[in-house]
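Participant: need a 3D model of the following:
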Amino acid sequence: MYINKAILYGNLTRDPELKALPSGAKVVEFGMATNRVYKDKEGNNKEEAEFHNIVSFGRQAEVIAQYLKKGSPIFLEGRIRTRNWEAKDGSGKRYKTEIVIDRFQFGPRPAGAGGGGNWQSPHRRPAEEAGVRSASAEAHDQNAGETIQYPEEDIKPEDIPF
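Facilitator: Numbering: from 1, shown residues only. The predicted model follows:
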């Protein structure tokens with residue numbers, strides 16, 4: 001068995017471009033940057049960026065195009081694919097390597113982006129769509145703006161169940 005799996009966490013380098021295939025299926029393409037920090041031979045910290053072409057299809061593509069923009073963080077899993085085609089100007093074959101998303105998660109929103117760091121998924125639960133609110137949602141609304149009060153007792157390692 002062979003494995004073709006890519007797991008990335010980074011930021012979008014350009015706004016997602018939503019298109020429709022001739023079949024009517026939606027496809028989104030965008031760029032993503034990841035980085036790594038390492039020490040060089042002299043012991044100095046160096047940072048290296050890598051840029052990726054990302055593609056997604058269907059409803060997932062529509063959600064990405066709707067909620068993400070340049071600079072947005074994203075965590076994704078997918079597979080690596082290289083496409084090739086003949087150049088229109090007759091200069092030979094062209095190649096493009098991209099990550100095809102299987103699943104993704106939105107990254108945290110930066111502070112000041114409409115809600116601070118407590119950003120939640122844009123998808124509503126069926127109960128919320130029907131107007132039914134959970135007790136925790138109502139408690140959250142009642143305590144909006146208040147700080148959370150934690151118990152003053154210490155947690156003992158033997159109290160942890162694992």
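
Participant: element containing Phe104?
Facilitator: Here Phe104, judged by DSSP states H and E, is contained in strand 93-106.

Participant: pairing partners for that strand, with directions?
Facilitator: Paired strands of strand 93-106, with direction, are strand 45-57 (parallel), strand 73-86 (antiparallel) (DSSP bridges).

Participant: buried ones in the longest one?
Facilitator: In other words, strand 73-86. Judged by neighbour count (16 or more other Cβ atoms under 10 Å), strand 73-86 contains these buried residues: 73-74, 76, 78. Where C-beta positions appear, they are placed from N, C-alpha and C, glycine not excepted.

Participant: what's Arg79 in contact with, if anything?
Facilitator: For Arg79, the contacting residues are 4-6, 99-100, 102, by Cβ atoms under 8 Å, 6 or more residues apart in numbering.

Participant: bridged to it, which residues?
Facilitator: Beta-bridge partners of Arg79, as defined by DSSP bridges: Val100.

Participant: and the pLDDT for it?
Facilitator: If you check Arg79, the pLDDT there is 97.

Participant: do the one 3 residues further on as well
Facilitator: At Thr82, the pLDDT value in this model is 96.

Participant: quick revisit: Serialize the strands paired with strand 93-106 to JSON lines and add fields for distance to Ala20.
Facilitator: Below are the strands paired with strand 93-106 laid out as JSON lines (distance: least, Cβ to Cβ, whole Å):
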{"stretch": "strand 45-57", "distance to Ala20": "11"}
{"stretch": "strand 73-86", "distance to Ala20": "18"}
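
Participant: output the longest helix belonging to the protein.
Facilitator: Longest helix in the chain by number of residues, with DSSP state H as the criterion: helix 58-67.

Participant: next, the buried residues of that helix.
Facilitator: Across helix 58-67, burial judged by 16+ other Cβ under 10 Å covers 61-65.

Participant: about what we covered before: can you put the buried residues of strand 73-86 in JSON lines and add distance to Tyr38?
Facilitator: JSON lines is the format used below for these (distance: Cβ to Cβ, whole Å):
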{"residue": "Pro73", "distance to Tyr38": "21"}
{"residue": "Ile74", "distance to Tyr38": "23"}
{"residue": "Leu76", "distance to Tyr38": "23"}
{"residue": "Gly78", "distance to Tyr38": "25"}
